[in-house]
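**Student:** Pasting a predicted model and its sequence here:
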Amino acid sequence: MVVAAIGGIYDPAPGYEGESLVAGWAWVGAWGALGLRATTSGVSVRGDRLRIRSLWRTRDIPVAEVERVDTDFYDGFLLGSMQLTWLRVVRFRVEGQWIRVWGLTSRPRTASRLACRLEAACGLQPTPRARPRP
């Protein structure tokens, strides 16, 4: 997106020369900022803190408040009420509420492995995991 926007700035369509310069650079800035933020997304456990960093928000949670780590079917906002059985998302149960980490969406086996590693990093007892439904 950034490359396409820069291409449009330096080689605009006929009739748009000079008109889209500000909008083009704003588009480049927005996509560039989003790309940089995406490189820092993820989950980390440092000491007694669990940091969940997504594109839009960063949460710091005391590890002592994490009750469980599990996976769930992916049902992103574009899918409505439909669930994808071939994608799983890692989630944390904190004070009775589930927090999904959309950046940790992957195939069922990989998501289960991530959940096991995060469980161990949080000092939780291993949770028996059911095989993902087909």
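**Tutor:** Perfect, thanks for sending it. Computed from a predicted model, the values in this text were never measured in an experiment.
**Student:** CA atoms for contacts and neighbours, from now on please.
**Tutor:** Fine.
**Student:** now the strands for the protein?
**Tutor:** For the chain, the strands defined by DSSP state E cover 42-46, 49-53, 58-62, 66-74, 84-94, 97-106.
**Student:** was I right about residue 72 contacting residue 93?
**Tutor:** No. Look at residue 72 against residue 93 with C-alpha atoms under 8 Å: they stay out of range, at 11.8 Å.
**Student:** List the residues that contact residue 104.
**Tutor:** By C-alpha atoms under 8 Å, 6 or more residues apart in numbering, the contact set of residue 104 is 42, 89-90, 111.
**Student:** is it possible to export those residues to a markdown table including distance to residue 48?
**Tutor:** Listed next are the contacts of residue 104 as a markdown table, based on distance: C-alpha to C-alpha, whole Å:
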| residue | distance to residue 48 |
| --- | --- |
| 42 | 17 |
| 89 | 23 |
| 90 | 20 |
| 111 | 23 |
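**Student:** With only the CA atoms kept, save the lowest-mean-pLDDT helix or strand in the chain in PDB.
**Tutor:** Least confident helix or strand of the chain, by mean pLDDT, DSSP states H and E, is helix 2-10 with a mean of 72. Output in PDB follows, covering the C-alpha atoms of helix 2-10 (Å, rounded to 0.1, in the frame of the first residue of the first chain):
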ATOM      1  CA  VAL A   2       2.800   2.400   0.800                       C
ATOM      2  CA  VAL A   3       4.600   1.700  -2.400                       C
ATOM      3  CA  ALA A   4       1.400   2.100  -4.400                       C
ATOM      4  CA  ALA A   5       0.700   5.400  -2.700                       C
ATOM      5  CA  ILE A   6       4.200   6.700  -3.400                       C
ATOM      6  CA  GLY A   7       3.900   5.600  -7.000                       C
ATOM      7  CA  GLY A   8       0.600   7.600  -7.300                       C
ATOM      8  CA  ILE A   9       2.400  10.600  -5.800                       C
ATOM      9  CA  TYR A  10       5.300  10.500  -8.200                       C
END
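**Student:** now for it, which elements pack on it?
**Tutor:** helix 21-38 (3 or more C-alpha pairs under 8 Å, 6 or more residues apart in numbering; DSSP states H and E).
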